[in-house]
Structures are given as structure tokens and as C-alpha cells.
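[1] Model the structure of this input:
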Amino acid sequence: MEELKTVRIMRMTEEQIGLVKRTWGIFRRMDPVLVGDVFYEKLFSEHPSFKRMFKGSRAEQSKKLIDMLSSIVGHLDALDELTDDIRALAIRHVHYGVRPSYYAPVGVALLWTLEQGLGVDWNADVAAAWKRCYTILSTVMIDASK
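    Model (predicted):
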């Protein structure tokens with residue numbers, strides 16, 4: 001019988017969850033297409049080869065990115081509920097050509113985009129909370145893609 005792989009999801013502190021939710025609330029008031037443009041310009045300027053994996057329009061991709069992040073942020077209190085969805089997302093990304101090594105540059109571009117968009121609301125605590133959030137997400141996705 002095949003052994004079931006169990007993934008233990010890392011945790012964020014209540015303070016980190018609150019910071020991510022509060023700052024995402026600020027970010028959500030921005031145009032998702034603009035946010036996506038900033039994110040993808042940053043990502044593709046530093047990693048032009050990633051662009052080949054994106055077949056849809058930038059606007060469509062931007063909305064998907066924001067919707068996915070909104071879903072994750074909305075479930076930070078009970079991230080275990082999203083584990084299967086996150087794993088499925090990771091497997092879809094494997095089919096697009098995403099490799100585990102791609103997650104770090106995506107994280108850098110995401111954090112940079114958040115910093116640009118939040119301006120004065122970005123600080124060391126917010127940065128640490130978002131980094132933890134992305135680390136959890138990317139770890140689950142990388143594990144699922146193996």
C-alpha cells in the first residue's frame with residue numbers, strides 16, 4: 001500500500017496574520033491589472049525566460065494572481081483548509097513548466113511589488129509577515145510538485 005504523504009503546514013503568528021490581512025486590504029483597493037503589470041514587469045525583467053510560461057493575457061493573469069492571493073490571505077487563520085487547493089495549483093504549475101527553483105524569484109518579485117504598492121505602510125514587521133506567508137505557500141507548492 002502506498003504511503004500517504006503528510007504535509008505539516010508551517011504556522012504564522014496571530015500578529016503576522018493580522019499584518020498580512022490588514023495590508024492586503026489596502027492592496028486590494030488597487031487595480032488588479034496594474035498590480036499584476038508591476039509584478040510581472042519586475043519578474044520578467046529579471047527572469048525573461050519565465051514569460052514563455054504565460055499564455056493568457058496579462059490582464060487575465062493579473063486577475064488570477066490577485067484572486068489566488070486573496071483566497072490564501074482570506075484563509076490564513078485556517079490554511080489547512082486550502083492545502084489541497086494549493087497542491088492542485090502546484091501540479092498545474094508543473095505542467096506550465098514551473099520548477100522548484102522558480103519560486104524564490106517569484107517571491108522576490110511579489111514582496112517587491114507589495115513594498116512598492118504599500119509605500120509607508122510597508123515596514124520590517126510587514127515584510128517579515130509577508131515573507132513568512134510566501135514561504136509557507138511556496139513550501140507547500142514545491143513539496144506537492146515533487
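[2] Which element is encountered next along the chain beyond the helix or strand bottoming out on mean pLDDT in the chain?
    Averaged element by element with mean pLDDT, DSSP states H and E, the chain has its least confident helix or strand at helix 83-96 (a mean of 87). Using DSSP states H and E, the helix or strand that follows helix 83-96 in sequence is helix 103-118.
[3] Tell me which residues of that following helix come out buried.
    Tyr103, Val106, Gly107, Ala109, Leu110, Leu111, Thr113, Leu114, Gly117, Leu118 (16 or more other Cβ atoms under 10 Å). Every residue, glycine included, has its C-beta placed from N, CA and C.
[4] What of stretch 139-146?
    By 16+ other Cβ under 10 Å, the buried positions in stretch 139-146 come out as Val140, Met141, Ile142, Ala144, Ser145.
[5] Tell me which of these has the lowest pLDDT.
    Ranked by pLDDT, these bottom out at Ser145 (85).
[6] Run through who's touching the least confident helix or strand of the chain.
    7, 9, 53, 68, 71-72, 137, 140-145 (Cβ atoms under 8 Å, 6 or more residues apart in numbering).
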